[in-house]
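**Q** Here is my input; please provide its structure:
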Amino acid sequence: MRRTILRVIPTLMVAACARAGREPRTRGALDTLTITATDAQFEAPDTVLAGLTTIRLVTQGDSPHQAALLRISGGKTYTDFLLAIRQPGPPPAWVSVAGGVNAPKPGGSAEVTMPLDAGSYAMLSFLPTRDGIPQLVKGLLRELTVLPARGSGAAEPAATDTLIASDFAYTNSATIGAGRHTFLFLNRGPQPHEVTIFRLATGRHAADMIAWIAKQAGPAPGEALGGVFAIRPDQRAWFTADLTPGEYAFICFLPDEHDGQPHHARGQIREFTVR
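**A** The predicted structure follows:
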């Protein structure tokens, strides 16, 4: 998956400085990392403390935005990452998916709560603009440093529902009714998975939403409500959604690790009705 997802990144003329390590600090309760995404940039703190964190994405403008996180390990830095993605060929093994927030509707917001390990991260949006260029090329790319912290701080959120991803399906714990939901998202497959939740317009289906995202021409056949960017099998995350009666879909857009086909083409779509 790392190999396929990073192939979409063209040459980037970006400079960055590595940040020096710091002594652990003591966390409070549940920390919140607020990210504001415009069509040109992310506005966010440079650092956050390690541990269970609520990542809140606020979007501005007429386009959907996501805040995907990639972990940079192996003693490498964000500067190394920028240099690596400018080179042809597969991405380095020291870059891995690490969760994040998938897009809410344009001008909306979404939240994901998940543990963040100390280290260096790239925050970016893989979503295409209307001209087909990934948003990260137009400025939605920046560094995030997660600092070591003492103490775990907060308890895990109380989930109202459990959503399990596998190769290639979604299963959920119970019938989903109207109201505010906190989904515990688990990956039970051997490769990374993600989820975006959509409220579909009357008479429309997940396939219509997938086709619209590719071109973004004309009225959207639904609206995104957020979700979780790719997590590994050893990760978990919680996301919230306010659901009113209607038709919905969970969709995974990640490319397959083996052939590059999006997971939704393999059947990782779940349409459901909220009554």
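**Q** Can you list the residue ranges for helices in the stretch 1-150 of the chain?
**A** Counting by DSSP state H, counting those that start in this stretch, the stretch 1-150 of the chain has helices at residues 2-6, 78-84.
**Q** mean pLDDT for those helices: which is lowest?
**A** Here the helices of the stretch 1-150 of the chain differ in mean pLDDT, and the lowest is helix 2-6 at a mean of 43.
**Q** what's the lengthiest helix in the chain packed up against?
**A** Longest helix of the chain, by residue count under DSSP state H: helix 206-215. Here helix 206-215 touches strand 193-200, strand 246-251, going by 3 or more C-beta pairs under 8 Å, 6 or more residues apart in numbering; DSSP states H and E. Placement of C-beta: from N, CA and C, glycine included.
**Q** Distance from the chain centre to that helix, please.
**A** Helix 206-215 sits 18 Å away from the centroid of its parent chain (C-alpha atoms, centre = their mean, to the nearest Å).
**Q** Could you do stretch 199-211 as well?
**A** On C-alpha atoms, centre = their mean, the centre of stretch 199-211 falls 21 Å from that of its chain.
**Q** next one: stretch 225-242
**A** 7 Å.
**Q** ok, and for it, which residues are buried?
**A** The neighbour-count check on stretch 225-242 (16 or more other C-beta atoms under 10 Å) flags 225-232, 235-241 as buried.
**Q** Now the two most distant members of these.
**A** Among the buried residues of stretch 225-242, the pair separated by the greatest distance (C-beta to C-beta) is 225 and 232, at 23.4 Å.
**Q** quick revisit: rebuild the helices and strands packed on helix 206-215 as JSON lines, extending it with distance to residue 274, mean neighbour count and mean pLDDT.
**A** Below are these laid out as JSON lines (distance: least, C-beta to C-beta, whole Å; neighbours: other C-beta atoms under 10 Å; pLDDT from 0 to 100):
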{"stretch": "strand 193-200", "distance to residue 274": "9", "mean neighbour count": "25", "mean pLDDT": "98"}
{"stretch": "strand 246-251", "distance to residue 274": "6", "mean neighbour count": "21", "mean pLDDT": "98"}
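**Q** So for residue 166, which of the ones you listed sits nearest?
**A** Distance to residue 166, taken as C-beta to C-beta, is lowest for strand 193-200 among the helices and strands packed on helix 206-215, at 7.6 Å.
**Q** Return the list of strands paired to that closest one, each annotated with direction.
**A** According to DSSP bridges, strand 193-200 forms sheet pairs with strand 222-231 (antiparallel), strand 246-251 (antiparallel).
**Q** Put the alpha carbons of whatever helix or strand comes next after the last one into CSV.
**A** It stands for strand 246-251. Going down the chain from strand 246-251, the next helix or strand is strand 269-274, by DSSP states H and E. Extracted in CSV, the C-alpha atoms of strand 269-274 (Å, rounded to 0.1, in the frame of the first residue of the first chain):
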residue,chain,number,x,y,z
ILE,A,269,-18.4,-0.9,0.2
ARG,A,270,-21.2,-1.2,2.6
GLU,A,271,-24.5,0.6,1.9
PHE,A,272,-27.0,0.9,4.8
THR,A,273,-30.2,2.6,5.7
VAL,A,274,-30.7,4.7,8.8
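**Q** Near residue 187, how many other residues are there?
**A** 23 (other C-beta atoms under 10 Å).
**Q** what's across from it in the sheet?
**A** Applying DSSP bridges to residue 187 gives these bridge partners: residue 165.
**Q** got the contact list for it?
**A** 164-166, 193, 231-233, 235-236 (C-beta atoms under 8 Å, 6 or more residues apart in numbering).
**Q** ok, these vs residue 172, which is closest?
**A** For these, the nearest to residue 172 is residue 164 (7.3 Å; C-beta to C-beta).
**Q** from what I can see the closest one touches residue 170, true?
**A** Yes - counting by C-beta atoms under 8 Å, residue 164 does reach residue 170; the two are 7.0 Å apart.
**Q** Neighbour count: these two, which is higher?
**A** Higher neighbour count among residue 164 and residue 170: residue 170, with 20 against 16, using other C-beta under 10 Å.
**Q** my guess is the more buried one contacts residue 163, does it?
**A** Yes - assessed by C-beta under 8 Å, residue 170 is found in contact with residue 163 at 6.1 Å.
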